[in-house]
Every structure is written in C-alpha cells, then in structure tokens.
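K.L.:
I'll drop the sequence and a predicted model, then ask my questions.
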Protein chains: 2
Amino acid sequence: MKTNHCKIVDCTIRDGGLVNNWDFSVDFVQKLYAGLNEAGVDYMEIGYKNSPKLLKGAEEAGPWRFLNDDFLRKVIPQKGNTKLSALVDVGRVDENDILPRSESMLDLIRVACYSKDVDKALALVQTFHDRGYETTLNIMALSNVMENELLEAFEMIKDSSVDVVYIVDSYGSLDHNDVKYLVEKFKTHLPNKRLGVHTHNNMQLAFSNTLVAAELGVELLDASVYGMGRAAGNCPTELLVAHLKGTKYNLRPVLDVLEQLMVPLREKEEWGYILPYMITGALDEHPRSAMALRASEDKDKVVDFYDKLTTPEVNFDK
Amino acid sequence: MKTNHCKIVDCTIRDGGLVNNWDFSVDFVQKLYAGLNEAGVDYMEIGYKNSPKLLKGAEEAGPWRFLNDDFLRKVIPQKGNTKLSALVDVGRVDENDILPRSESMLDLIRVACYSKDVDKALALVQTFHDRGYETTLNIMALSNVMENELLEAFEMIKDSSVDVVYIVDSYGSLDHNDVKYLVEKFKTHLPNKRLGVHTHNNMQLAFSNTLVAAELGVELLDASVYGMGRAAGNCPTELLVAHLKGTKYNLRPVLDVLEQLMVPLREKEEWGYILPYMITGALDEHPRSAMALRASEDKDKVVDFYDKLTTPEVNFDK
C-alpha cells in the first residue's frame, strides 16, 4: 500500500509536554529538532501557542506551553527542512500574540476544539490563514460525537479556509474499522480538504490505526518519539519512520534521539501502555480518571478502578 | 466485524517461560488458570512437552518446560472450562512421553516447526491425533519462507489429520496487509482446515494483527497476559478479552491476574516494546541479536546495534 503522500508531524514536545509540564531544556529541544530534521520528518510541533493570561497554573509550565517568537528564534537559529508547528485551543489563545508568518518561526498553526466549537475554531483558522500560516482543524474526541453534530460541523468546514482537517482519537478507543469508517466519512463530506490523523495508544492501536489511515489517503500523521504523549501516549515516530513504504525517512537519527533523549527521559516520566489507560480506552472515556489514579498511592489497583468506572452509581467521571 | 467464532489460547506460561526460564511457582500457575477460566479464556498453554533428554540446560528450567502428567494433576486438581494445551518442537519431543488423552490433563498438543520440517511435524501430529488430542501445526517464521516452499507444505498439510494450522509471525515483522495476504493464502490452499494466529509485538502490531486475522475468520488467537512472551512479547490477552465483539469474555478476572501476578512480575523480568526488538522486527530478523544486546552492558546502545545489523560486512546474525 502506498504511503508516499504522507507527512509526519512530530508532537513530542507539545503532547509530551502534557506529561512533564513542558519541562524540556533548550538543549533537548534543539537536539530533537536536529534529529527530526536529519530523519526527514516534515513538521515538528514545538509547543502550544496559547496565552498564559487565559490559563491557570501558567507560571509553573515550561516555555513550550506558551511559545514566544523571540525565544523560538534563539532556540532554532537555523531552520532546516522540518517545518515548525504550534497548537492552540479555542478560548485559550489571544490572536494578538500571533505575528504574521513572515515574521514568525512557525509555519503551521493547528486549532484544537470539541465539535461544538467548530465555528469558533474556524474563525481562528481564518485569522491565522490570513496571516499566512498553513492551518489545521483538530476535532477532538470524535468517538463521543453524534452523527448529526458531525454533519453540522462538516457543513461549516467544507467552505472554510482550513487546509487540513484532523481525525483525533483522544481516548485511544478506536480500532481499524472505526478509523476506516471515519476516514471514509470525512472524505465523503470534505472532498476538497486534506486529512490528518492523531491517535492515542491506550489499546496498543495508535501505530496500526495511523497506518490504516495513511493507506486510505490521510496525509498528515501525528506521532511522537517513543510515543511520548499524555497518558498512553501517541503513535511512535520511530515506527512510522521505519515502516512507511516508499518514503524518504531515515531511522538512524531517530534512534539517536531515542538513545540520547527519550529512553533516559522515560526513566523519570511515565507514559505508554499502562493498565488504567487501557481501561479508559476500552471504555471509550477521557483518561483523566486514570491519570488521577496513577498519581495516587493506588496506582496499580486496577480491579477497584475498573469496578468504579463500570458501576454507574459510583462512577466519578460521568 | 464478527469475531464470535474466536477462541483465545493464552500462552503466558509457555511463551512467557522463554523470558524467565519457566520460573513460575505452582501458586502463580494455579491463580492464572483460575483467572483465565473465570474470564472465559478457551485454552491455557501451560508449557512445553519436550523431552529433557533432547535439550541442553534442561536441569535449570522450571517444570513448565517439560510438563509431566502426574505433576499437572497436582497443579490443576479441578479443571474448569478452560482446556489445557502444550507445545512440542520437532526433534525435541519423545513420543513415548505422551499418554493417551484419556489419561492426560492435556486437551491440545501443538507442534511447532520451520517450514522445512512440516513432514516431520505432521508425523507427530498424526501420533497425537491417534492418541485422542486436538492438534495444531505452527509453522514458524513465515516472513522468511519462500512461496514455493510454503505451497509444498500446504500440499502435505491439506490431507493430514491436523485440526488447526497456525500463521506465526515469529519476528513481529508483519503488518495488517501481510496478515491479510497470509490468511487469504492459507484459506485458499487449506480450505478444510481451521486457522490460528500467533503474533509478536516488536512493532506494536500484535493486537492489531490478531484482530485483523480474527475478522478474516481465523479461529484460534494466541495471546498472553500483559503480552508476556519472548523479547517483545505477544498479543495481550487483556486487549482481546476487552475488545473482541460478540464474545463471552470477562475482563475483570484478567485485570485481577494482571494486578496480582503480572504487573509485579514485570518489575523483575523484561519483555515488551523495547527498541532493539523494534529494530529486529523492522528488519524482519530473529530477535536473538537483540536479546543478546539486552543481556549486555550496551543494552541501550541502539544506534550501534542498528549499524551492526544494517552493515553487511559486520552483520553478526547472517
């Protein structure tokens, strides 16, 4: 199956920052950028571009949570072929923070939202598009969206200026049949849009689902090195680089990043296939209850956790 | 997609024994059996039934490497619905060790071989079939078998007495397209045989590949709890139990086994998605070089390891 139309968007710093509160050193990010660039990875999402004024707890987070253009110019003084991306959330970004692309290090701005906020997200997309950026719209938690709501969103999206529309498996609950169903639906209703996919690894299906999407024509593939991302993490960049057919990617620089940066980091921080995340994935729920469990003394008490989530009267998440 | 024709064969003790030299206590195996039985898992492969006379290093291994019927009767005094299975290897089993099924705790004997030994394997299958057992033939390392050899094997298999023929991804190098290709080929050439699948998780594709095979009609699905098995391990039993549609399986007892037995064991023993195993999987090779690396001081030096495997003149495995 051909996948040479694909582009990899490495989200290690942005989604991985949800694990360690964006506590990556400048040296770490520079080495990661150099490795991804050498590997031929197309985009590096280097953080969020939300506004610290619009978020609590902002002062404790690392600089990748609220990217600043002056700072970015120092971090990446020489850009290679790998483009830079930032994510913003509806309601958390101040448009005044976004320079015209000609004055910014960023090439791509991605807007994440729930399906009810697609209108607001598309207004942001238009602003960023007008300032010269490539744009994507990332509709989160698709597994919990009803058909009528999704069709309404498609109506707004199809005539918008957004370049790429993402299928986001926020809960890591989709399998290959679900991915196929969603890709076909997006292709039918958004025939003029390019597509992207962002997966989570709760059921060990992130890589497989990404491959399936790629073979169905999805173009932008989100991934992170060693799968670093919130809770169960994402599709591992190294697996896409190693396995995508007919592509220009080079595995060795990614292995170097893994050896130098990611394997040591995994000793200190936790993400990946961990049972409470498997359980929330299997139950098609947000992992927040599992993240709370892993931060508690009862972190390995998976039977109690499962009982709580599956007994309606004590379910603390619904 | 329907998967209610499927049966799970849990290989935790047999394939997991390759990790810890079969050092499982009787209590551990009894609790595992009770949990699998309560979960509705169809078969438990409780070890190998090779002969210690035909293998080196036999005296150091735990009792699950050379199953003895008297011992088994003490371990599982009361059998539930979960049937018991044992694996034998061509050239390592003494037929005289195999009692008639009516006098044995075992229900299923599986014969593993490389494709060149299918004739010898089928002779063993015939013997076990005549003694009353269910039988399977597990052709290993299919990704390294040439078409003409496989077609020759099919000719011998199709008129044999074997009940189930396995597709075995020994190196964890197959993706969903490969699995689909092999299942269709096996179905075409062996229309009267039931099929099984045994996967390895080097590329995080074990569960996904098993699901794909199941949806194509493959009936026996090998798995192990927490994926415990040689090197990158196998398809996790808990994921099949949680995700297979239209089946009778019950996740809670498997979570109990995970919490009581497997998560603590994983603290002491190593298996799973570990980079050297990912590399051998991506290169479609036996993991023995990666296992040697993980047992050495250089266990995290993945760039050197990759260079050795991909530089022909210093490749130590070919």
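P.N.:
Nice, I can see it. Remember, it's a predicted structure, so these values are computed and weren't measured experimentally.

K.L.:
next, count neighbours for the closest residue to residue A:250 other than its chain neighbours.
P.N.:
Leaving aside its chain neighbours, residue A:250 sits nearest to residue A:39 (5.0 Å; criterion: CB to CB, 6 or more residues apart in numbering or on different chains). Quick note: C-beta positions are derived from backbone N, CA and C, even for glycine. Residue A:39: 24 surrounding residues under other CB atoms under 10 Å in any protein chain shown.

K.L.:
likewise the one 3 residues further on?
P.N.:
Burial of residue A:42 is recorded as 20 neighbouring residues (other CB under 10 Å).

K.L.:
returning to what we had before: got the phi/psi numbers for the residue nearest to residue A:250?
P.N.:
phi -70, psi -10 (degrees, to the nearest 10).

K.L.:
ok, it to chain B distance?
P.N.:
As judged by CB to the nearest CB, to the nearest Å, residue A:39 and chain B stand 13 Å apart.

K.L.:
ok, residue A:270 next?
P.N.:
13 Å.

K.L.:
same thing with residue A:3?
P.N.:
Note on residue A:3: its distance to chain B, by CB to the nearest CB, is 11 Å.

K.L.:
got it, and residue A:304?
P.N.:
9 Å.

K.L.:
in a strand, that's where residue A:84 is, yeah?
P.N.:
Yes - counting by DSSP: H, G, I helix; E, B strand; the rest coil, residue A:84 is found in a strand.

K.L.:
that one: what's it in contact with?
P.N.:
A:43, A:44, A:45, A:46, A:72, A:76, A:105, A:106, A:107, A:108 (CB atoms under 8 Å, 6 or more residues apart in numbering or on different chains).

K.L.:
what sits against whichever residue of chain A sits closest to chain B?
P.N.:
Across chain A, no residue is closer to chain B than residue A:208, which sits at 3.4 Å (CB to the nearest CB). With contact taken as CB under 8 Å, 6+ apart, residue A:208 is in contact with A:176, B:175, B:176, B:204, B:205, B:207, B:208, B:209.

K.L.:
spatially nearest residue to residue A:293, not counting backbone neighbours?
P.N.:
With CB to CB, 6+ apart, the residue lying closest to residue A:293 is residue A:276, at 4.9 Å.

K.L.:
and for that neighbour, the neighbour number?
P.N.:
25.

K.L.:
sorry, back to before: am I right that the residue nearest to residue A:250 is in contact with residue A:249?
P.N.:
Yes - contact criterion CB atoms under 8 Å: residue A:39 and residue A:249 qualify, at 5.9 Å.

K.L.:
where does the stretch 101-250 of chain A have low pLDDT?
P.N.:
Nowhere does the stretch 101-250 of chain A drop to pLDDT under 70.

K.L.:
at which residues are the strands of the stretch 101-250 of chain A located?
P.N.:
Secondary structure of the stretch 101-250 of chain A by DSSP state E, counting those that start in this stretch: the strands cover A:108-113, A:134-139, A:164-168, A:194-198, A:220-223.

K.L.:
hey, which of those is tucked in deepest?
P.N.:
Using mean count of other CB atoms under 10 Å in any protein chain shown, the stretch among the strands of the stretch 101-250 of chain A with the largest mean neighbour count is strand A:220-223, at a mean of 27.

K.L.:
picking up where we left off before, and the gap between the residue nearest to residue A:250 and residue B:259?
P.N.:
From residue A:39 over to residue B:259 the distance is 39 Å, taken as CB to CB, to the nearest Å.

K.L.:
now swap in residue A:181 and tell me
P.N.:
From residue A:181 across to residue B:259, the span is 34 Å (CB to CB).

K.L.:
quick one: which of the two has more around it?
P.N.:
Neighbour count, other CB under 10 Å: between residue A:181 and residue B:259, residue B:259 has more, with 18 against 11.

K.L.:
my read is that one is in a helix, agree?
P.N.:
Yes - membership of residue B:259 in a helix is supported by three-state DSSP.

K.L.:
buried residues of stretch A:26-45, list them for me.
P.N.:
A:28-29, A:32-45 (16 or more other CB atoms under 10 Å in any protein chain shown).

K.L.:
figure out how far it is from the centre of its chain.
P.N.:
Put simply, stretch A:26-45 sits 16 Å off its chain's centre (CA atoms, centre = their mean, to the nearest Å).

K.L.:
same question, stretch A:285-294
P.N.:
18 Å.

K.L.:
same thing with stretch A:180-190?
P.N.:
20 Å.

K.L.:
next: stretch A:91-101.
P.N.:
So, by CA atoms, centre = their mean, the centroid of stretch A:91-101 is 19 Å from its chain's centroid.
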